[in-house]
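Participant: just the structure for this:
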Amino acid sequence: MSSTMQKTGVAIVLATLSGMAFGQSDIDLDRAYASQLRSDAQTRSSLLGNTNSANVNVEVMTQIRYMYNSRDEMTAGALGDSDTTMGFDTPRTQVRLSGSVTDDISGLIVFDFGSAENGTAQGSANLLVAQAAWSLNDNWAVLMGQWHNPVMGSENFAPEHTLAVDKSFTNEFFNVGYTQGVALAYASDNFKFVGAFSDGAEYVTNYGTVSNSAFNGAGENDFGITGRVDWLIEGTWDQFADATSWRGSNYGIKLGAGAHWQTQGDTNPADNSGGAIAGYEDTEVTFWTVDAQVEGDGWNAFVQYVGHDVDITATTDVNYTNHGFIAQGGFFVSDQVELFGRYDIIMLDDVLVAAGTDDNYQSITAGMNYYFVPESHAAKFTLDAVFAVDESTNLDAIYGGVGSNDPSATGLLGLSDSEFMLRAQMTLVF
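Facilitator: Numbers count the residues shown, from 1 in each chain. As a prediction, this is how the structure comes out:
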């Protein structure tokens, strides 16, 4: 098989690992070529780079967002004027660089200048992905470096390929995020498999945010093991590179399942006494998920169940198991206008629930996308509304009493009985 065909097959494998996608940059392309570019093999071929080692492929993705957030205070007057928060934001601006050394060895570097992926440094360059890819043959590939953990289906859509302005709060809560390690990936006509050995994620304190840390960093885990499998029942892999389904698309269905386990505390202590790492003597996290994605002629649906078990050994041992569920769908009312809706819920373990408070945290999202060029994510305007149904008391406690862990991603702030939010976003990929 030619090297080009080999690259195409392995690109499908590696797309899930990186969580990045090189999108369509020429918004004047005709519909046929735009349709071709939306496939994994084309939009994400950057993972295997260019056969000319002198060339570097460059892509920029930026999102400009306006937020209006209104919270119902749990205690009258507690938030004061802060119960309404509004303003502009640039949650993500990513520069993506790719190139190749040989036909089979390539690299991808991604920098992010927003705060949605790292939770803190707005405007500072943050290393999101630094990976090397080696295609062994037509089906198998090895990935090394810092990359996006592939375990969670809803997290594997690139930021420009989501239905709503951003992913759900449930996704952000359970997301394993980015890690450093090595992975072995396989792809065929009907199956994908990824197995990874890594240093895990900063799951307890930072919930998947990026940390380009040294091997002896205090937040490093001893190791983590990840596995995910996807089964294409009908359709083609390229249909499922994004969360939407253009008009004229064929019917397709894909099932996925993944698991992740990591441990910290037996090695690499934060101090010389052999004690706590990031405040914990020993922590084990077990994560699992299943999901299904269905697409048809201008409509799409996605459902996912996710859960994790966290076992912390400290002064007082703590063990809890949380569950979550996400359901979303969309349909086109014209070639350029797509309507969508989403429901998500976090179901907290009783250990984390204060007396007399809600043990669930639910939100409902509804909105629309306008695609400036049909069948292209290169220029897209999204408008949606989010309503958080339940009080945030227990989640606030998990995040140290300061509200949502990642408002730069979802816009939800917490510290409230309920919360309403309007979001408007322009996405450009060039």
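
Participant: any idea of the mean pLDDT in the strand or helix carrying residue 94?
Facilitator: Per DSSP states H and E, residue 94 falls inside strand 84-100. Taken as a whole, strand 84-100 has a mean pLDDT of 94.

Participant: tell me how far it lies from the chain's centre.
Facilitator: 14 Å (Cα atoms, centre = their mean, to the nearest Å).

Participant: and that strand, what does it pack onto?
Facilitator: strand 57-72, strand 105-112, helix 407-410 (3 or more Cβ pairs under 8 Å, 6 or more residues apart in numbering; DSSP states H and E). C-beta coordinates here come from the backbone N, C-alpha and C atoms, glycine included.

Participant: who does the first one pair up with?
Facilitator: Pointing back at strand 57-72 there. strand 84-100 (antiparallel), strand 418-429 (antiparallel) (DSSP bridges).

Participant: any idea what sits nearest the residue minimising distance to the centre of the chain, other than its immediate chain neighbours?
Facilitator: Note on the chain: the residue nearest the mean C-alpha position is residue 155, at 2.9 Å, using Cα atoms, centre = their mean. Residue nearest to residue 155 in three dimensions, not counting chain neighbours: residue 175, with 5.2 Å by Cβ to Cβ, 6 or more residues apart in numbering.

Participant: got phi/psi on that neighbour?
Facilitator: Torsion angles at residue 175 (phi, psi; degrees, to the nearest 10) stand at phi -50, psi 130.

Participant: quick revisit: among the strands paired with strand 57-72, which is nearest residue 295?
Facilitator: strand 418-429 (20.4 Å; Cβ to Cβ).

Participant: let's test this: mean pLDDT of that closest one, rounded?
Facilitator: Taken as a whole, strand 418-429 carries a mean pLDDT of 97.

Participant: ok, now stretch 229-247?
Facilitator: 96.

Participant: would you mark the buried spots in it?
Facilitator: For stretch 229-247, the neighbour count (16 or more other Cβ atoms under 10 Å) marks 230, 232, 235-247 as buried.

Participant: these: which two are farthest apart?
Facilitator: 230 and 247 (24.8 Å).

Participant: report pLDDT for residue 277.
Facilitator: Predicted confidence (pLDDT) for residue 277: 38.

Participant: in the stretch 101-250 of the chain, which spans are strands?
Facilitator: In the stretch 101-250 of the chain, the segments counted as strands under DSSP state E, counting those that start in this stretch are 105-112, 126-135, 140-148, 178-187, 191-198, 223-234.

Participant: make TSV out of the ones you listed and add distance to residue 346.
Facilitator: TSV is the format used below for these (distance: least, Cβ to Cβ, whole Å):
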stretch	distance to residue 346
strand 105-112	25
strand 126-135	25
strand 140-148	22
strand 178-187	21
strand 191-198	25
strand 223-234	21
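
Participant: among those strands, which is nearest residue 167?
Facilitator: It's strand 140-148; of those, that one is closest to residue 167 (Cβ to Cβ) at 12.8 Å.
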